[in-house]
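1. Build me a model from this:
(one chain, ligands or ions: 2)
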Amino acid sequence: MKAVIFDLDGVITDTAEYHFLAWKRLADQLNISFDRDFNERLKGISRSESLDMILVHGHVSAQYSEDAKQDLMNEKNRYYQQLIQTLTPDNLLPGIRQLLSELKHQQIKLALASASRNAPTILECLKIMDDFHTIVDPETLANGKPDPEIFLTAAKQLSVSPTDCIGIEDAEAGIASIKSAGMFAVGVGNKQSMAAADLIVGETSDLSFTLLDNGMKQWREKRNKIES
Ligand code: B16
Ligand code: MG
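-> Residues are numbered from 1 along each chain as shown. Ligands and ions are numbered 1, 2, ... in the order given. Next comes the predicted model:
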């Protein structure tokens with residue numbers, strides 16, 4: 001293990017609730033029903049794809065031009081930015097501070113592969129910006145998760161081979177992205193939704209350097225056996 005590439009929402013902090021509140025406020029204005037179950041489907045999905053899914057769900061896609069959709073996205077983002085202003089280091093998910101310290105101590109490189117354009121602001125609020133060697137800018141990517149581009153770009157920015165990287169995600173689209181990048185995939189969540197991951201933990205507090213290191217070693221041994 002030479003590098004760990006983190007997703008943000010659902011792994012480092014729980015901003016899904018803020019995305020939910022901001023999308024809900026917009027959906028209410030548009031008279032589209034929107035609940036927490038639907039919000040689950042938006043995890044790891046970009047802002048524009050999320051809006052498209054909400055408009056399709058409300059059967060109103062045809063009513064909005066590209067300019068009108070941009071206005072709606074800006075409005076949602078304004079609500080969201082108001083909400084994330086309240087984030088502090090107390091909003092780090094359990095065990096993440098400890099994990100970042102352990103990885104730093106072991107000289108493992110750290111990258112962030114989040115679909116969120118607000119990621120740098122969030123890392124500043126959580127006071128962990130300096131822990132990361134690099135952050136992928138999602139605006140520079142052609143394809144979002146589940147495409148491997150975001151995780152491959154993170155590995156490239158770190159100058160580490162993808163097979164020496166671990167990716168940690170909480171969304172199915174994110175696990176698919178890590179796997180197609182050829183990396184060891186760690187899923188945070190339940191066994192059903194994280195079924196495609198190489199290692200599953202129920203909570204972020206279960207994550208540790210030892211768990212990741214041992215998990216990756218076993219994964220490598222299994223792969224080597226299959227190949228020989
Ligand atoms: P923004 P992640 C994702 O973060 C969220 O899970 C997803 O709900 C959101 O739409 C996306 O970021 C874009 O966020 O509107 O702030 O650019 O899980 O990839 O860290
Ligand atoms: Mg996530």
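2. Tell me where this structure has strands.
-> For the chain, the strands defined by DSSP state E cover 3-6, 109-112, 134-135, 165-169, 184-188, 199-201.
3. Could you pull up the mean pLDDT of the third one?
-> Okay, so that is strand 134-135. The average pLDDT within strand 134-135 is 98.
4. do the same with the fourth one
-> Along strand 165-169, the predicted confidence averages to a pLDDT of 98.
5. Now do the residue of the chain most remote from its centre, the pLDDT please.
-> Here the centre of the chain is the reference, and by CA atoms, centre = their mean the most remote residue is residue 228, at 34.3 Å. For residue 228, the pLDDT comes out at 80.
6. most packed of the strands of the chain?
-> strand 165-169 (a mean of 28; mean count of other CB atoms under 10 Å). Bear in mind the C-beta positions are built from the backbone N, C-alpha and C, glycine included.
7. where does residue 121 sit relative to residue 16, distance-wise?
-> Per CB to CB, to the nearest Å, residue 121 is found 16 Å from residue 16.
8. Which of those two has more residues huddled nearby?
-> Comparing residue 121 with residue 16 by other CB atoms under 10 Å, the one with more neighbours is residue 16, at 18 against 15.
9. my read: the more buried one touches residue 7, true?
-> No: contact criterion CB atoms under 8 Å: residue 16 and residue 7 do not qualify, at 11.3 Å.
10. Get me the contact residues on this protein for ligand 1.
-> The chain comes close to ligand 1 at residues 7-10, 19, 42-47, 50, 77, 114-118, 171, as judged by CB under 6 Å from any ligand atom.
11. which of these are close to ligand 2?
-> 7, 9, 10, 44, 171 (CB under 5 Å from the ion).
12. Now do the buried residues in stretch 203-212.
-> By neighbour count on 16 or more other CB atoms under 10 Å, the buried set for stretch 203-212 is 204, 207, 209, 212.
13. quick one, what contacts the first one?
-> By CB atoms under 8 Å, 6 or more residues apart in numbering, residue 204 lies in contact with 11, 93, 94, 95, 96, 99, 188.
14. Now do the closest residue to it other than its chain neighbours against ligand 2, distance only.
-> Closest residue to residue 204 apart from its sequence neighbours, by CB to CB, 6 or more residues apart in numbering: residue 93 at 4.2 Å. Relative to ligand 2, residue 93 is positioned 11 Å away (CB to the ion, to the nearest Å).
15. wait, isn't residue 93 in contact with residue 13?
-> Yes: using CB under 8 Å, residue 93 is in contact with residue 13, at 5.9 Å.
16. rewinding a little: and the contacts of residue 204, which are buried?
-> 11, 93, 95, 96, 99, 188.
17. before we move on, the earlier item: which one of the contacts of residue 204 is nearest ligand 1?
-> Set against ligand 1, the nearest of the contacts of residue 204 by CB to the nearest ligand atom is residue 11 (7.3 Å).
18. check contacts around the closest one.
-> Per CB under 8 Å, 6+ apart, neighbours of residue 11: 93, 96, 168, 169, 170, 188, 204.
19. same thing with residue 130?
-> Per CB under 8 Å, 6+ apart, neighbours of residue 130: none.
20. So residue 49 sits against residue 146, correct?
-> No: here residue 49 does not reach residue 146: they are 11.3 Å apart, not a contact under CB under 8 Å.
21. Looking at those two, which has the bigger crowd around it?
-> residue 146 (19 against 15).
22. Phi, psi for the more buried one please.
-> phi -90, psi 0 (degrees, to the nearest 10).
23. So it versus residue 57, what's the distance?
-> In terms of CB to CB, residue 146 sits 20 Å off from residue 57.
24. got it, and residue 116?
-> Applying CB to CB to residue 116 and residue 57 gives a distance of 21 Å.
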